[in-house]
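**Student:** kindly generate the corresponding structure for this input.
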Amino acid sequence: MNYPIVFYPKVVMQFCHQYPLPEATSSCATSSQLQETQQFEQPVVLLTPPQPPVVLPVKLLWLIWVFWLYGAIVLPLLAISWGWLWWEMLLVVAAYSCLIAAAYSYVFGCRQKLLSRYKQQILEYNQQNILSHQNLSLNKQQEFSSFKVEKEGLQTALKSAKLELDSRNRLLKDLMSLRVSPNGTSQARQGVSEQRFLQYLQQYFEEVVQAAEFKIPLSQRSYSADFTVIHTPSGIGIDVEIDEPYAGKSKKPTHCCDADSDMRRNQLFLEWNWIVVRFTEKQVVQAPLSCCKFLAIAIAFVTGDRSYLKQLETEPDLLSVKPWTTREARAMAKSNYRLTYLSGFGVGSACNRVSKF
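**Tutor:** Residues are numbered from 1 along each chain as shown. As a prediction, this is how the structure comes out:
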């Protein structure tokens, strides 16, 4: 799945499936035209999300090496007490170490395979159940918009659709009352590119908050959202994240597709009933208006509110960007890749951004 990436909470997708958008919110076609269009519509089936695999925590893997250390101490002592020669003792310890290393490699390899398979299943699930649904819905709205109807029929249809949409948004707002709210503002340092993007978000969306902090359950740590965008009429919230390939000072790879830290973070925000949208830092810097348009599309997809999208319809669609692996992130850090697009945004400040959890 390429950037921009969007994830919708399960309750939101179920709501959209149960309460589809009124067709007149995107057009007011005649009944015969609507019937002709509906013949080509394909039903959208929501698949059951894959279940997380049961894997051994990383911390427990160190028990294998603790066991090896214990054996590496006990075996020589036993060998000395039994009167073995030094080379016999060395062979036993070497064989024991090889056995422990093989066991660790096997357990670690199985864990990585399970996590990789689960991550691929998640990507396929979201691609089929979310992106396809979104594309079909938006295409349907564009098809309906091409129809022409008489003025009286148009006004009647729009009025009826507005009443239906208002009623639907009230139901959605009641559902979104379960959305977890931030418990403060993060003190993490923000980059220049984020400050610039904040100005664009505030220009097109009403409720925008930067660096909202969310407490992680059963942990002393917190997650800091780059931005949160709230659609007031429906109550839906979007966690907007800007992903860079490596940290500015330490050059440590971040947001890599072969790591599972972002996957755990996304899952927690989805459980908190937040829509998660991820852009790359380069997309935000070079095409901020196209990023805003993508957010407007996400809002229209769930709520039917196209007021934001109308302001950005003339902007080009955001070009997709392939996610990076840890190896690719290290290569980009070595070549100072971020400087190629941050040169006009205060290089020192932007690259010294403190990465969030």
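
**Student:** now do the helix or strand residue 88 falls within: distance to the chain's middle.
**Tutor:** In the assignment (DSSP states H and E), residue 88 maps to helix 86-126. In terms of CA atoms, centre = their mean, to the nearest Å, the centre of helix 86-126 is found 29 Å from the chain centre.

**Student:** what's it packed up against?
**Tutor:** With contacts defined as 3 or more CB pairs under 8 Å, 6 or more residues apart in numbering; DSSP states H and E, helix 86-126 has these neighbours: helix 58-82. Where C-beta positions appear, they are placed from N, C-alpha and C, glycine not excepted.

**Student:** okay, the angle between the helix it packs on and helix 86-126?
**Tutor:** Angle of helix 58-82 versus helix 86-126, following axes from the mean of the first three to the mean of the last three CA atoms, to 10 degrees, is 170 degrees.

**Student:** so what touches helix 58-82?
**Tutor:** For helix 58-82, the surrounding residues in contact (CB atoms under 8 Å, 6 or more residues apart in numbering) are 88-89, 92-93, 96-97, 100, 103-104, 107-108, 111.

**Student:** next: stretch 218-231.
**Tutor:** Here stretch 218-231 makes contact (CB under 8 Å, 6+ apart) with 182-183, 186, 188, 194, 197-198, 201, 205-216, 236-242, 265, 268-269, 274, 295, 299, 303, 305, 356-357.

**Student:** show me where the stretch 201-350 of the chain has strands.
**Tutor:** Per DSSP state E, counting those that start in this stretch, the stretch 201-350 of the chain carries strands over the ranges 207-215, 222-231, 236-243, 275-280.

**Student:** so what pLDDT did residue 273 get?
**Tutor:** For residue 273, the pLDDT comes out at 97.

**Student:** same check, this time on residue 310
**Tutor:** pLDDT recorded at residue 310 is 95.

**Student:** which of the contacts of helix 58-82 are buried?
**Tutor:** Buried by 16 or more other CB atoms under 10 Å: 89, 92-93, 100, 104, 111, out of those.

**Student:** could those residues be laid out in TSV, adding distance to residue 72 and pLDDT?
**Tutor:** Shown next, in TSV, are the buried ones among the contacts of helix 58-82 (distance: CB to CB, whole Å; pLDDT from 0 to 100):
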residue	distance to residue 72	pLDDT
89	11	75
92	10	77
93	6	76
100	9	76
104	14	73
111	24	74
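
**Student:** list just the nearest of the residues you listed to residue 118.
**Tutor:** Taking CB to CB as the measure, residue 111 is the one of the buried ones among the contacts of helix 58-82 closest to residue 118, at 10.8 Å.

**Student:** out of all residues in this protein, which is the farthest from the middle?
**Tutor:** The C-alpha centroid of the chain is most remote from residue 83, which lies 61.7 Å away (CA atoms, centre = their mean).

**Student:** relative to residue 89, how far out is that one?
**Tutor:** Using CB to CB, to the nearest Å, we find residue 83 at a distance of 10 Å from residue 89.

**Student:** does residue 126 touch residue 1 like I think?
**Tutor:** Yes - between residue 126 and residue 1 a contact is recorded at 6.8 Å, counting by CB atoms under 8 Å.

**Student:** run through the stretch 51-200 of the chain and note the low-pLDDT ranges.
**Tutor:** Where the stretch 51-200 of the chain drops to pLDDT under 70, the residues are 53-62, 127, 129-137, 139-158, 160, 191-192.

**Student:** the same query, at a cut-off of 80, please.
**Tutor:** For the stretch 51-200 of the chain, the stretches with pLDDT under 80 are 51-72, 75-77, 79-80, 82-89, 92-93, 96, 100-112, 114-116, 118-163, 188-192.
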